[in-house]
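Trainee: I would like the atomic coordinates for the input below:
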Amino acid sequence: MKLLLHTCCAPCSVYCIYSLRKEGIEPTLYWYNPNIHPYKEYELRRECLIDYAKKIDIECIVEDEYGLDEFCRNVSNNLETRCINYCYPVRLRKTFEYAKENGYDAVSTTLLYSIYQKHDFIKSYMEKLSKEYGVEFLYRDFRYGFWEGHNKAKELDLYMQKYCGCIFSEEQSMLTHTGNKPKLPEGFEFLPVKRSIVIKKEKDNKEQYMDLLLEADPSKEMINNYLKDGELFILTYKETIVCVAVVTKVDEKTCELKNIVTVEKYRGQGYGKKMLKYLADNYKTKYKKMIARNIRE
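Mentor: You can find the predicted model right below:
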């Protein structure tokens with residue numbers, strides 16, 4: 001199979017290339033990402049991919065187009081839908097065009113790897129393009145290797161970007177995660193941007209949540225056993241702890257939700273469901289099945 005793999009960046013390509021090669025498929029990487037801004041970021045991602053391709057001896061085709069003007073013209077009317085109305089379509093359509101013109105049998109994309117992308121839209125849009133261009137769409141849910149690929153990319157010391165790609169995603173990431181605000185012209189001001197609900201992994205002092213965990217599992221000894229090796233998550237609402245959960249590994253295909261409990265006064269308000277969705281979305285990239293026990297919503 002002659003496969004053209006649209007590639008958004010080197011870190012996202014690591015697991016995709018590895019898993020395809022494991023199937024006996026040698027992809028050709030295709031760089032076309034005119035939505036990445038500013039130029040320094042575009043350059044860093046492009047050069048990182050070129051260097052990585054040389055190191056692993058894989059062909060890499062670079063369509064070098066920094067498209068800030070065209071990007072702004074196409075997304076200015078509705079920034080909220082920029083991904084599905086412009087960023088995905090412009091890159092994927094160009095990939096299918098190149099594949100058709102240059103005799104490739106199939107097309108895929110590293111966008112199917114990230115747990116942060118709109119996976120279902122990408123899949124359905126590529127299915128549509130496949131019919132339009134008469135080129136096979138090779139679908140793989142690369143998300144199963146997300147953390148494996150992420151860790152390997154860090155080991156390889158690849159450039160790890162901090163946001164999706166466009167200038168607006170950079171702004172969103174900056175305001176959400178650091179609180180830093182770029183300087184604005186005189187007479188303009190930012191309205192405060194702050195997430196009300198935050199879920200994060202707690203690595204230290206897990207025992208401080210013991211009283212809450214005991215509400216779902218009465219055995220302190222059992223809790224201590226699975227806290228030792230388990231991953232503990234906390235959900236906060238306006239900086240107040242609302243929900244706590246612990247997940248452990250059963251085997252290579254299965255994990256177990258050992259404990260999930262919501263603070264009594266917040267029960268029945270959907271916080272437990274938010275935690276469950278978060279855990280399901282994250283762990284489905286590593287395991288095929290999650291067992292659930294000791295739920296107190």
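Trainee: For burial, what's the neighbour tally of Y18?
Mentor: Using other CB atoms under 10 Å, Y18 is surrounded by 15 other residues. No exception for glycine: its C-beta is placed from N, CA and C like everyone else's.
Trainee: Going by secondary structure, it is in what exactly?
Mentor: helix 10-22 (DSSP states H and E).
Trainee: if I look at the residue nearest to D105 when sequence neighbours are not counted, how far off is D51?
Mentor: Spatial nearest neighbour of D105, chain neighbours left out: K2 (4.6 Å); criterion: CB to CB, 6 or more residues apart in numbering. Taking CB to CB, to the nearest Å as the measure, K2 falls 24 Å from D51.
Trainee: Check whether D229 really touches T248, as I assumed.
Mentor: Yes: contact criterion CB atoms under 8 Å: D229 and T248 qualify, at 6.1 Å.
Trainee: More neighbours: which of those two?
Mentor: T248 (18 against 9).
Trainee: Correct me if wrong: P89 contacts S124.
Mentor: No: applying CB under 8 Å as the test, P89 and S124 come out as separate, 11.8 Å apart.
Trainee: Looking at these two, which is more packed in?
Mentor: P89 (17 against 11).
Trainee: per-residue confidence at the more buried one?
Mentor: Note on P89: pLDDT of 96.
Trainee: Show me the chain divided up by domain.
Mentor: For the chain, the structural domains run 3-165, 197-296, going by automatic domain parsing.
Trainee: Which stretches in the stretch 151-297 of the chain count as strands?
Mentor: Secondary structure of the stretch 151-297 of the chain (DSSP state E, counting those that start in this stretch): strands at 197-202, 231-237, 240-249, 254-262, 289-292, 295-296.
Trainee: could you dump those to CSV with mean pLDDT and distance to L214?
Mentor: Output for the strands of the stretch 151-297 of the chain, formatted as CSV (pLDDT from 0 to 100; distance: least, CB to CB, whole Å):
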stretch, mean pLDDT, distance to L214
strand 197-202, 81, 17
strand 231-237, 90, 14
strand 240-249, 92, 11
strand 254-262, 93, 9
strand 289-292, 88, 18
strand 295-296, 63, 10
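Trainee: just those: most buried one?
Mentor: strand 254-262 (a mean of 23; mean count of other CB atoms under 10 Å).
Trainee: Parallel or antiparallel, list what pairs with that one.
Mentor: strand 240-249 (antiparallel), strand 289-292 (parallel), strand 295-296 (parallel) (DSSP bridges).
Trainee: Please consider this matter closed, and thank you.
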